[in-house]
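K.L.:
Sequence and predicted structure are below.
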Amino acid sequence: MFDSDPAALDPAVILDAAHDITRSLNLLEAGRLEIVCCWADANAVVAGERALPGCERAVRLGGDGTPLVAEFAPAELGTALGESAHSARALIGDALDLRHRHPVLWRRVLDGEVKAWVARRIVQAARHHSLDLALQVDALVAPYADRKTAGQLERIVEAHLIRLDPAAAEQAAEASEAEQGVWLSPSTDHGTREILIRTTAASAAFFDARIDRIADDLAICGDQSPKDARRAAAVGMIGSATLDLSTDPETRVTALSQSKAVLYVHLTDHAFRSNQGVARVEGDGPVTVDQVRSWLGHTRVTVKPVIDLNQQAPVDAYEVPDRLREAVHLITPTDCFPFATNQTRRKDIDHTVPFDPGPFDDTGPPGQTAIGNLGPMTRHHHRIKPSPTGKSDSRSPASTSGAHPTAAPTSSTTPEPAPSLPQVARPRARYRGGRSAPRVWIT
């Protein structure tokens, strides 16, 4: 690939080559999707004047608004692609969805700007909704489909669908609740088995808090096993205990009062006042407001005050106070390193522009620790960021950017002097969704 010794190449040249190859792969995958669409167009008509029982039919492999395709066409395509008929069927459906229901995203895929597999995840999330709704989602999501991970984009699509079609969201929520259950693995592994539990987010939070409390109690009593092992033992203790199964909600609340569960629920001011729209549950993603109401209807709830994100004054010290840490998490819940996915609260808060202590440690520019100059990062990404091999930008919560070095490496422990920061002494509001939701503690 390289004419010279790769070890002697400038790091920037290597990263530029990686970028070019990635774009070439994106274009090849886009060409594959175009070929798939051509195959669907070539098989839009079923041979024969009338369909007899058992004969090939014209079927819709994509969503509303996509053309019909001959039923057996995916099997032939799969043979050429080296894939199963089932995989080829899914590929045709996704390709047709992109071309007919997500035209903006389709153009970006053809231009090599968005990976084909990421685009397929987006269209699959909107597959069972109307053409009009899919077009609206396309206009909202496609512009930044190259700057978010596939998982983040799926949650964003889901939130837009809840907002744009609340009736369908309620039906989906009811169907999801009907699929709750508890299942055991079919076989044992040296005497251990797995349990799969599908339940509401609130019930899961209660269960997690209960087994965590029992595991801590076991440690106090002298159990030196790892905490995960103690949590597993707690499951058996709960299963063998005699529980109060009274139908009286107040009785159940009293029985659970010793195990406190924390559930962070975020609502916009509109959703809070109208009891309609989208709620975001940390760790679970977007849900309807009615779902949150049903989860919290029979629990003791502590509502924390609403935090005005537009009125968070900066501080001069290097340390980030709790109020700014909370505000940064509400504005940017995801690790701001490019394409990171961590949404937990166990992250460092990083100064985007390095903190300048001044020549005497206390004479630097005022107001450097401000919302406009802070971004959340995991410890690993935080360690990468100050080095010459990485750079992140938290100035906009909606975007991150990566850069590779173009100069000789320098020590990551002695960053270059930071410029003066008059703009962060009075930070502009970065939040665009109204005031944050109250945080809800289930106790």
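P.N.:
Received it, and whenever you're ready, just let me know what you need. Numbers count the residues shown, from 1 in each chain.

K.L.:
in the stretch 101-250 of the chain, which spans are helices?
P.N.:
103-110, 116-125, 131-141, 150-164, 166-178, 201-220, 227-240, 249-256 (DSSP state H, counting those that start in this stretch).

K.L.:
any chance of those helices in TSV, plus mean neighbour count, mean pLDDT and distance to H266?
P.N.:
To be clear about C-beta, it is placed using only N, CA and C from the backbone, and glycine gets the same treatment. Below are these laid out as TSV (neighbours: other C-beta atoms under 10 Å; pLDDT from 0 to 100; distance: least, C-beta to C-beta, whole Å):
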stretch	mean neighbour count	mean pLDDT	distance to H266
helix 103-110	20	96	27
helix 116-125	20	95	21
helix 131-141	19	95	19
helix 150-164	19	91	11
helix 166-178	13	85	17
helix 201-220	17	86	13
helix 227-240	14	86	28
helix 249-256	13	44	24
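
K.L.:
Any idea which of these gets closest to L184?
P.N.:
Ranking those by proximity to L184 (C-beta to C-beta) places helix 227-240 first, at 11.6 Å.

K.L.:
tell me the domain boundaries of the chain?
P.N.:
19-164, 198-259 (automatic domain parsing).

K.L.:
one step back: format the helices of the stretch 101-250 of the chain as a markdown table; extra columns: distance to I14.
P.N.:
Output for the helices of the stretch 101-250 of the chain, formatted as a markdown table (distance: least, C-beta to C-beta, whole Å):
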| stretch | distance to I14 |
| --- | --- |
| helix 103-110 | 26 |
| helix 116-125 | 24 |
| helix 131-141 | 32 |
| helix 150-164 | 26 |
| helix 166-178 | 46 |
| helix 201-220 | 44 |
| helix 227-240 | 41 |
| helix 249-256 | 56 |
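
K.L.:
between those helices, which one is nearest to A80?
P.N.:
Of those, nearest to A80 by C-beta to C-beta is helix 116-125, at 17.4 Å.

K.L.:
For this structure, which segments count as strands?
P.N.:
58-59, 69-70, 181-184, 195-198, 261-263, 265-267, 278-281, 285-288, 301-303, 348-351, 374-377, 440-442 (DSSP state E).

K.L.:
looking at those strands, which is buried most?
P.N.:
Most buried of the strands of the chain by mean neighbour count (mean count of other C-beta atoms under 10 Å) is strand 374-377; its value is a mean of 25.

K.L.:
Partner strands of it and their direction?
P.N.:
strand 348-351 (antiparallel) (DSSP bridges).

K.L.:
Neighbours of P366, how many?
P.N.:
Residues lying near P366 (other C-beta atoms under 10 Å) number 14.

K.L.:
Then D146?
P.N.:
Neighbour number of D146 under other C-beta under 10 Å is 16.

K.L.:
wait, what's in contact with it?
P.N.:
R108, E113, V114 (C-beta atoms under 8 Å, 6 or more residues apart in numbering).

K.L.:
I'd like the distance between the closest residue in space to S24 that isn't next to it in sequence and D356.
P.N.:
With sequence-adjacent residues excluded and distances taken as C-beta to C-beta, 6 or more residues apart in numbering, S24 is closest to G112, at 7.7 Å. Going from G112 to D356 by C-beta to C-beta, to the nearest Å gives 40 Å.

K.L.:
cool, A7 as well?
P.N.:
A7 is 37 Å from D356, by C-beta to C-beta.

K.L.:
Looking at these two, which is more packed in?
P.N.:
A side-by-side neighbour count of A7 and D356, using other C-beta under 10 Å, places D356 first with 18 against 6.

K.L.:
picking that back up, the residue nearest to S24 - how many residues pack around it?
P.N.:
Quick note: G112 (other C-beta under 10 Å) scores 19 neighbours.

K.L.:
got the contact list for it?
P.N.:
Neighbours of G112 in contact, by C-beta under 8 Å, 6+ apart: R23, S24, N26, L27, A30.

K.L.:
If we use 10 Å, what do you get?
P.N.:
The contact partners of G112, by C-beta atoms under 10 Å, 6 or more residues apart in numbering, come to T22, R23, S24, L25, N26, L27, L28, E29, A30, G31, D146.

K.L.:
got a pLDDT number for W183?
P.N.:
Among the per-residue scores, W183 shows a pLDDT of 89.

K.L.:
doesn't R198 make contact with it?
P.N.:
Yes: in this structure, W183 is within contact of R198 by C-beta atoms under 10 Å, at 8.1 Å.

K.L.:
ok, and the closest non-adjacent residue to V104?
P.N.:
Nearest non-adjacent residue to V104 (C-beta to C-beta, 6+ apart): A142, at 3.9 Å.

K.L.:
do R89 as well
P.N.:
Spatially, and ignoring its direct neighbours in sequence, R89 is nearest to P74 (3.9 Å; C-beta to C-beta, 6+ apart).

K.L.:
Could you do R155 as well?
P.N.:
G285 (4.6 Å).

K.L.:
now swap in P143 and tell me
P.N.:
Of all residues not flanking P143 in the chain, V104 sits nearest, at 7.5 Å (C-beta to C-beta, 6+ apart).

K.L.:
can I assume the one you found is in contact with A145?
P.N.:
Yes: if you go by C-beta under 10 Å, V104 and A145 touch, sitting 9.0 Å apart.

K.L.:
list residues touching both of the two?
P.N.:
Common contacts of V104 and A145 (C-beta under 10 Å, 6+ apart): D138.

K.L.:
what's the span of stretch 213-228, first residue to last?
P.N.:
12 Å (C-alpha to C-alpha, to the nearest Å).

K.L.:
can you check stretch 143-156 too?
P.N.:
13 Å.

K.L.:
Enumerate every residue touching the closest residue to A85 other than its chain neighbours.
P.N.:
Spatial nearest neighbour of A85, excluding adjacent residues (C-beta to C-beta, 6+ apart): A75 at 4.1 Å. A75 makes contact with S84, A85, H86, A88, R89, according to C-beta under 10 Å, 6+ apart.
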